[in-house]
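> Based on what follows, work out the 3D shape:
(one chain, ligands or ions: 2)
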Amino acid sequence: MGDPEQVKVGIIGASGYGGVQLVRLLHDHPKVELVYIGGDSSAGKSYSDLYPHIGHLVDLTVEKIDLDAIADRCEVVFLGLPNGLACDMAPTLIEKGCKVLDLSADYRFENLETYSAWYKKERHDRAIAATAVYGLPELYRDRIRESDLIGCPGCYCTASLLGIAPLLKQGLIVPETAIIDAKSGTSGGGRQARTHLLLAEADNTLTAYSVAAHRHTPEIEQVCSDLAGHDMMVQFTPHLIPMVRGILATIYATLRDPGLVREDLITIYNAFYRSSPFVRVLPNGIYPQTKWAVGTNLCYIGVEVDVRTDRVIVMSAIDNLIKGQSGQAVQCLNIMMGWEELLGLPQLGFYP
Ligand SMILES: NC(=O)C1=CN([C@@H]2O[C@H](COP(=O)(O)OP(=O)(O)OC[C@H]3O[C@@H](n4cnc5c(N)ncnc54)[C@H](OP(=O)(O)O)[C@@H]3O)[C@@H](O)[C@H]2O)C=CC1
Ligand SMILES: CC(=O)N[C@@H](CCC(=O)OP(=O)(O)O)C(=O)O
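Numbers count the residues shown, from 1 in each chain. Ligands and ions are numbered 1, 2, ... in the order given. Sure thing, here's the model as predicted:
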């Protein structure tokens, strides 16, 4: 028998990498009880068969997806599904009174034409989609508090946007000069078997992909334009790197004021993130490592200025599966429920 004070939550897509992170975080969260896990090909399996390492703590079986039954049992539902599925499920859950946190791209876009063009999916949920809020707490905390439907940004966008936001909001850079070069571990591609994610393909090599064409470009541009106060573009290039977890985004842009030095920018970044407990702006000359962020909901940011070129260089490191995915969603839940933002979210990584 669960604690009646605890909020009942469910996860659709619990067998994936996002799902298993959520199971871990929600299991340790003092204010929630995980009562439902659902999936597709994994339906009917016990969670301990899928993930034997947590079978001693999680005694649940993956169930079929019956939205009415889920809404009857859960106040909050997390969706950890491939892009294009959440938008067919969230409307029913919202209409039945659930709060919904979606890990996919379905509720991240203000302009659904942009979404459809990049994700090749027509939308029939416009009224519900109009109520969704972009789930990056450091930028949209107040709006998240008021919403029942959150489109949580993913790993590349979170690292990139937290890195560039103070520069754009304060008008410190020439917007069109912004270049984002990002590297991701292979878990960013999810748990499904795909050839390019095999150890033999991804190890001992480094490659860029979707150059000038990655679907996160319009998402990053949407938020950058909001911060800059006008439409803008960015150059975004992702790379697959032979490690399991972590993302490092390195951002380059030309400063409007060539007199600004590193110390000025660190002061500005610290002020910008003073109410954001998961962003750690590093002191002079210290640059972030993904290893520090792994296992935590933190984003480490380092700032440098090249006085020869008048460019600022910002480095932003996160755990793609936590601050870049499941932890972000739990952080949003804490805000929606009026709980302490840090609740149930790890701040201390394992090292080395
Ligand atoms: N991996 C990452 O670093 C990040 C991923 N994201 C996003 O989060 C979402 C989940 O990603 P991730 O956890 O990596 O994905 P995985 O591929 O690891 O897991 C996908 C999940 O979706 C379920 N699923 C697949 N097809 C269907 C279907 N037709 N109907 C119902 N359930 C289905 C699977 O269930 P089953 O096994 O039962 O078939 C599985 O639980 C994606 O939208 C992704 O873009 C966001 C940020 C970072
Ligand atoms: C390494 C790798 O394959 N990464 C994924 C991004 C994962 C992710 O964050 O996806 P969403 O933000 O869209 O949810 C990719 O490039 O497609």
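
> and the closest residue to ligand 1 within the chain, how many neighbours does it have?
Residue nearest to ligand 1 within the chain (C-beta to the nearest ligand atom): G16, separated by 1.9 Å. The way it works is simple: take the backbone N, C-alpha and C, and place the C-beta from them, glycine included. G16 is flanked by 22 other residues according to other C-beta atoms under 10 Å.

> just the one 5 residues further on next, same as before
By the measure other C-beta under 10 Å, the count of residues near Q21 is 23.

> closest point of the chain to ligand 2, which residue?
G154 (1.8 Å).

> Report the contact partners of that residue.
G154 makes contacts with L103, A105, H216, N320, G324, Q325, as judged by C-beta atoms under 8 Å, 6 or more residues apart in numbering.

> Try it again at 6 Å.
Counting by C-beta atoms under 6 Å, 6 or more residues apart in numbering, G154 touches G324.

> can you give me the strands in the stretch 151-300 of the chain?
179-184, 207-208, 235-240, 247-254, 279-281, 299-306 (DSSP state E, counting those that start in this stretch).

> what about the first one and ligand 2, touching?
I take that to be strand 179-184. Yes. Strand 179-184 lies within reach of ligand 2 by C-beta under 6 Å from any ligand atom, at S184.

> near ligand 1, anything from that strand?
No. Strand 179-184 is not in contact with ligand 1 by C-beta under 6 Å from any ligand atom; minimum separation 7.4 Å.

> Does the residue of the chain closest to ligand 1 touch G80 like I think?
Yes. Between G16 and G80 there is a contact at 5.4 Å, judged by C-beta atoms under 6 Å.

> And stretch 242-252, how far out from the chain middle?
Mean-position distance between stretch 242-252 and its chain equals 14 Å (C-alpha atoms, centre = their mean, to the nearest Å).

> can that stretch be found next to ligand 2?
No. Contact between stretch 242-252 and ligand 2 is absent, the nearest approach being 8.4 Å (criterion: C-beta under 6 Å from any ligand atom).

> sorry, back to before: TSV please, covering the strands of the stretch 151-300 of the chain and showing mean pLDDT, distance to L139 and mean neighbour count.
Converted to TSV, the strands of the stretch 151-300 of the chain look like this (pLDDT from 0 to 100; distance: least, C-beta to C-beta, whole Å; neighbours: other C-beta atoms under 10 Å):
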stretch	mean pLDDT	distance to L139	mean neighbour count
strand 179-184	98	16	22
strand 207-208	98	27	13
strand 235-240	98	18	19
strand 247-254	98	16	23
strand 279-281	98	11	22
strand 299-306	98	12	23
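
> Make CSV out of those and add distance to Q21.
As requested, those are exported to CSV (distance: least, C-beta to C-beta, whole Å):
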stretch, distance to Q21
strand 179-184, 15
strand 207-208, 26
strand 235-240, 20
strand 247-254, 14
strand 279-281, 20
strand 299-306, 16
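
> Go through these and name the closest to P52.
Comparison of the strands of the stretch 151-300 of the chain against P52 by C-beta to C-beta identifies strand 179-184 as nearest, at 26.9 Å.

> okay, the angle between that closest one and strand 235-240?
20 degrees (axes from the mean of the first three to the mean of the last three C-alpha atoms, to 10 degrees).

> what packs against strand 179-184?
strand 235-240, strand 247-254 (3 or more C-beta pairs under 6 Å, 6 or more residues apart in numbering; DSSP states H and E).

> Show me which residues of this structure are close to ligand 1?
13-19, 39-42, 65, 80-83, 85, 103-104, 154-155, 187-188, 190-192, 320-321, 324-325.

> Can you turn the buried part of the residues you listed into a ChimeraX selection?
Of these, the buried ones go into a single ChimeraX selection, burial set by 16 or more other C-beta atoms under 10 Å:
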select :13,14,15,16,17,18,19,39,42,65,80,81,83,85,103,104,154,155,187,188,320,321,324,325
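
> three-state assignment of V100?
strand (DSSP: H, G, I helix; E, B strand; the rest coil).

> Can you report how many residues neighbour I54?
14.
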